[in-house]
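K.L.:
just to be clear, the model below is a prediction. Sequence and coordinates:
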Amino acid sequence: MTSPSTVRVGIIGTGGISQSHGRAYQRIPGVEIVAVADIIEERAQKAAELWGARHAFSDYRELLALPEIDAVSVCTFNQAHRAPVVDALMAGKHVLCEKPLAAKLEDALAMISAAKASGKILHTGFWQRWQPEVQTARRIVQSGQLGEIYYAQMIGGDRRRIPGGSFLRKDFAGAGPTVDIGCYDLDTFMFLTGDPRPVSVSGMISYHLGKSLPNVPTDWGHVPADVEVEDMGTAFVRFENGMVLHFMTYWAAHADSLGPSLLLGTKGGLQLSPKLTLFRDEFGVVTNVEPKLPVVQDPQRMHPLCPKPRSLSMLCALAARLPSTSKVFCTVN
């Protein structure tokens with residue numbers, strides 16, 4: 001029997017990423033998956049059976065009409081986030097939207113406006129914020145160990161890791177690695193540095209390799225002729241506080257690495273990847289500190305495509321227990 005304190009959630013979209021949301025919700029005490037929606041009704045029904053949901057719909061608006069639902073996960077493809085997110089918020093549901101929040105600025109702004117108007121919580125699935133490395137890095141930054149941060153670089157990608165399918169289509173994904181994996185690095189930067197306000201951006205995207213390189217073992221099986229999005233994106237951003245950011249994200253490059261992600265400050269530097277390391281001058285010598293971080297032991301919390309915990313699907317469900325006040329968690333200003 002369902003307890004009155006149970007948080008009831010719905011999942012919109014049953015593609016691959018929804019599996020992580022469904023598994024995470026099932027592991028949270030006091031959370032019940034009530035309904036599932038997908039434009040392909042058979043997929044909705046199969047997902048409902050898998051997760052023990054009572055309802056399956058081919059129209060997400062029927063799911064939103066259920067008064068018992070407190071929160072929803074929106075797991076549709078990137079370009080289909082706006083409508084279900086806005087509709088869910090205006091229907092009085094808290095929302096966890098898969099990353100990226102949107103591939104178009106106007107879509108993101110519409111979702112943020114809906115969250116503010118509804119008083120409900122909108123959160124993007126940036127699970128990396130809860131990684132031990134990122135949490136530790138944030139505490140280091142907040143402690144003042146770096147002094148004034150004046151330069152940062154966030155670089156992420158692989159020599160060759162081009163995905164396939166809808167990742168390569170503009171009408172589905174909107175863009176390539178810039179929104180697929182680059183959004184994680186940008187969010188991490190903003191999370192660590194306190195959301196500084198950008199004042200200028202100079203950028204470049206490249207289509208040179210994805211459309212021409214054949215598959216190799218580390219690829220995900222892309223068809224070069226199907227590639228419609230960039231394979232690399234880079235930008236130089238200046239902020240109101242004087243800090244600058246060099247951002248780079250890529251699915252393919254003729255190099256093993258394009259550099260580490262790091263923050264440079266007047267008192268110290270902090271390398272975020274490949275290993276969290278604090279660089280300082282102390283005791284008359286230069287010092288390197290590598291924090292001993294907790295190891296995630298539970299393999300069921302792992303995302304199938306990335307060896308890191310992905311239980312943040314719980315956030316939207318737990319948010320439903322909070323007072324109904326406007327809270328928007330995102331990095332779009």
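P.N.:
Yep, it's here. Residues are numbered from 1 along each chain as shown.
K.L.:
the nearest residue to residue 291 once chain neighbours are set aside in helix, strand or coil?
P.N.:
Leaving aside its chain neighbours, residue 291 sits nearest to residue 136 (5.3 Å; criterion: CB to CB, 6 or more residues apart in numbering). Every residue, glycine included, has its C-beta placed from N, CA and C. Under DSSP: H, G, I helix; E, B strand; the rest coil, residue 136 falls in the helix class.
K.L.:
scan this structure for its longest helix.
P.N.:
Longest helix of the chain, by residue count under DSSP state H: helix 105-118.
K.L.:
show me what secondary structure element comes after that helix.
P.N.:
Next in sequence after helix 105-118, counting helices and strands by DSSP states H and E, comes strand 121-124.
K.L.:
just checking, what packs against that next one?
P.N.:
Packing partners of strand 121-124 (3 or more CB pairs under 8 Å, 6 or more residues apart in numbering; DSSP states H and E): strand 94-97, helix 105-118, helix 314-319, strand 327-329.
K.L.:
among the ones you listed, which gets the worst mean confidence?
P.N.:
Ranked by mean pLDDT, the helices and strands packed on strand 121-124 end with strand 327-329 at the bottom, a mean of 40.
K.L.:
dump the residue contacts of the residue nearest to residue 291.
P.N.:
276, 291, 293 (CB atoms under 8 Å, 6 or more residues apart in numbering).
K.L.:
now, of those, which are buried?
P.N.:
In those, burial by neighbour count holds for residue 276, counting by 16 or more other CB atoms under 10 Å.
K.L.:
dump the contacts of residue 136 to a markdown table, plus secondary structure and pLDDT.
P.N.:
Formatted as a markdown table, the contacts of residue 136 follow (DSSP: H, G, I helix; E, B strand; the rest coil; pLDDT from 0 to 100):
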| residue | secondary structure | pLDDT |
| --- | --- | --- |
| 276 | coil | 97 |
| 291 | coil | 96 |
| 293 | coil | 92 |
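K.L.:
export the contacts of residue 136 to JSON lines and tack on distance to residue 241?
P.N.:
Shown next, in JSON lines, are these (distance: CB to CB, whole Å):
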{"residue": "276", "distance to residue 241": "24"}
{"residue": "291", "distance to residue 241": "26"}
{"residue": "293", "distance to residue 241": "29"}
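K.L.:
ok, so of the contacts of residue 136, who is nearest residue 30?
P.N.:
Closest approach to residue 30 among the contacts of residue 136 (CB to CB): residue 293, at 29.0 Å.
K.L.:
for residue 141, see how far away the closest one is.
P.N.:
Note on residue 293: its distance to residue 141, by CB to CB, to the nearest Å, is 16 Å.
K.L.:
what does residue 131 give?
P.N.:
15 Å.
K.L.:
thinking again about what came up before, for the longest helix of the chain, packing partners?
P.N.:
Under the contact rule (3+ CB pairs under 8 Å, 6+ apart), helix 105-118 is packed against helix 82-90, strand 121-124, strand 327-329.
K.L.:
any idea which of those is most buried?
P.N.:
Of all the helices and strands packed on helix 105-118, strand 121-124 has the most neighbours on average by mean count of other CB atoms under 10 Å, namely a mean of 25.
K.L.:
what is the distance between that strand and the centre of its chain?
P.N.:
Between the centre of strand 121-124 and the centre of its chain there are 11 Å (CA atoms, centre = their mean, to the nearest Å).
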